[in-house]
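1. Have a look; sequence and predicted model below, questions after that.
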Amino acid sequence: MKETIYTIPVNEAFEDNCDCPLCRLYKKVEADEIDKILGAAMMEPDIRIKTNKQGFCDKHFPMMFEGKNRLSLALMLESHLNLLNENIFNKTTGLMGKTDYKKQTEIIENQQNSCYICSRIDYYMEKFCETICFLFRTEIAFQDKMRNQKMYCLKHYRQLLVIAKQRLSKSDYEAFAKMIFQTEKEYIATLCDDVSWFCKKFDYRYQNEPWKNSKDAIQRSIHTLTSKKID
């Protein structure tokens with residue numbers, strides 16, 4: 001089955017239950033895509049057409065800059081900038097010399113909301129979520145892995161619910177949703193307690209009390225709310 005192409009990375013991500021398994025998948029795919037685009041993929045004509053059109057976001061440009069191949073990045077920038085220059089500053093100027101500034105703003109807005117790497121990650125993350133549903137439905141051992149998960153970030157919790165609704169039968173969806181809901185409910189309740197205790201520790205009345213599990217409560221909260229992990 002097509003889904004089995006993705007079962008190995010999904011199973012590996014669910015082996016470790018200390019944080020969101022989908023965030024781990026995201027991080028791996030992101031690193032792989034950046035390596036690919038700075039390597040041989042940059043020279044493939046169909047990929048170059050896409051990068052010229054889509055460009056990259058303000059998150060992935062710096063990550064690419066920190067990569068090993070700045071020549072690849074420069075070559076992509078060269079053709080991408082030339083295309084933007086043509087579309088924004090040449091095609092938006094009419095025969096009478098009148099500039100269509102509204103059209104320019106639309107092109108720039110579309111460009112700022114576009115990223116080749118983000119689109120690739122979105123594709124794979126959807127496939128991973130479909131695979132999670134597939135494994136939940138077909139493998140009891142994977143259900144145990146899911147049951148042992150500590151948490152999901154809210155972004156990926158929502159994505160799992162959306163895709164599970166599309167991919168699973170009604171009864172399987174109810175079981176799937178109930179399982180991840182219970183995990184998330186318990187984790188959020190614990191997180192609320194930890195953040196509250198963190199705040200209390202700045203009150204002199206609690207200064208001699210132990211920190212319990214609250215020292216990294218802010219970092220864990222940001223990870224849960226945004227999917228961005230802070231070390």
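-> Great, that's in hand.

2. in the helix or strand hosting Y173, what counts as buried?
-> Secondary structure from DSSP states H and E places Y173 in helix 170-200. Buried residues in helix 170-200, defined by neighbour count with 16 or more other CB atoms under 10 Å: Y173, F176, I180, T183, E184, Y187, L191, D194, W197, F198. (Each C-beta comes from the backbone N, C-alpha and C, glycine too.)

3. OK, contacts around the last one?
-> This points to F198. Contact analysis of F198 by CB atoms under 8 Å, 6 or more residues apart in numbering lists W211, S214, K215, A217, I218.

4. again, but for the fourth one
-> For T183, the residues meeting the contact criterion (CB under 8 Å, 6+ apart) are M146, R147, Q149, K150, M151, Y152.

5. Filter these down to the buried ones.
-> Applying 16+ other CB under 10 Å to these flags M146, Q149, M151, Y152 as buried.

6. Sort out which one of these lies nearest E126 for me.
-> Y152 (15.8 Å; CB to CB).

7. tell me the mean pLDDT for stretch 99-106?
-> Computed over stretch 99-106, the mean pLDDT rounds to 88.

8. Pull out the buried positions in the helix or strand hosting A141.
-> Element membership for A141, per DSSP H and E: helix 140-147. For helix 140-147, the neighbour count (16+ other CB under 10 Å) marks F142, Q143, K145, M146 as buried.

9. now the residues you listed as TSV including distance to L135 and pLDDT?
-> Shown next, in TSV, are those (distance: CB to CB, whole Å; pLDDT from 0 to 100):
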residue	distance to L135	pLDDT
F142	4	96
Q143	8	96
K145	9	96
M146	9	96
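
10. what does stretch 24-34 rub up against?
-> 9-10, 13, 16, 60, 63-64, 67, 117, 120-121, 124-125, 128, 156, 227.

11. of all these, which two lie farthest apart?
-> D16 and M64 (27.7 Å).

12. circling back: between helix 140-147 and the helix holding Y173, find me the angle.
-> Inter-element angle recorded for helix 170-200 and helix 140-147: 30 degrees (by axes from the mean of the first three to the mean of the last three CA atoms, to 10 degrees).

13. what ranges do the strands span in this structure?
-> Ranges of strands within the chain: none, based on DSSP state E.

14. Now do the helices in it.
-> 7-13, 21-37, 45-54, 60-65, 70-85, 101-112, 116-138, 140-147, 154-167, 170-200, 217-226 (DSSP state H).

15. If you count neighbours, what's buried in the last one?
-> By neighbour count on 16+ other CB under 10 Å, the buried set for helix 217-226 is A217, R220, S221, H223, T224.

16. now the helices of the chain in a markdown table, with distance to K91?
-> Below are these laid out as a markdown table (distance: least, CB to CB, whole Å):
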| stretch | distance to K91 |
| --- | --- |
| helix 7-13 | 42 |
| helix 21-37 | 27 |
| helix 45-54 | 14 |
| helix 60-65 | 24 |
| helix 70-85 | 10 |
| helix 101-112 | 8 |
| helix 116-138 | 22 |
| helix 140-147 | 51 |
| helix 154-167 | 37 |
| helix 170-200 | 48 |
| helix 217-226 | 38 |
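
17. picking up where we left off before, save the buried residues of helix 140-147 as CSV, and put in distance to T99 too.
-> Listed next are the buried residues of helix 140-147 as CSV, based on distance: CB to CB, whole Å:
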residue, distance to T99
F142, 58
Q143, 60
K145, 58
M146, 56
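
18. from these, which is closest to I47?
-> Nearest to I47, judged by CB to CB, of the buried residues of helix 140-147 is F142 at 33.5 Å.

19. circling back to that earlier point, out of the contacts of F198, flag the one nearest to N85.
-> I218 (43.8 Å).
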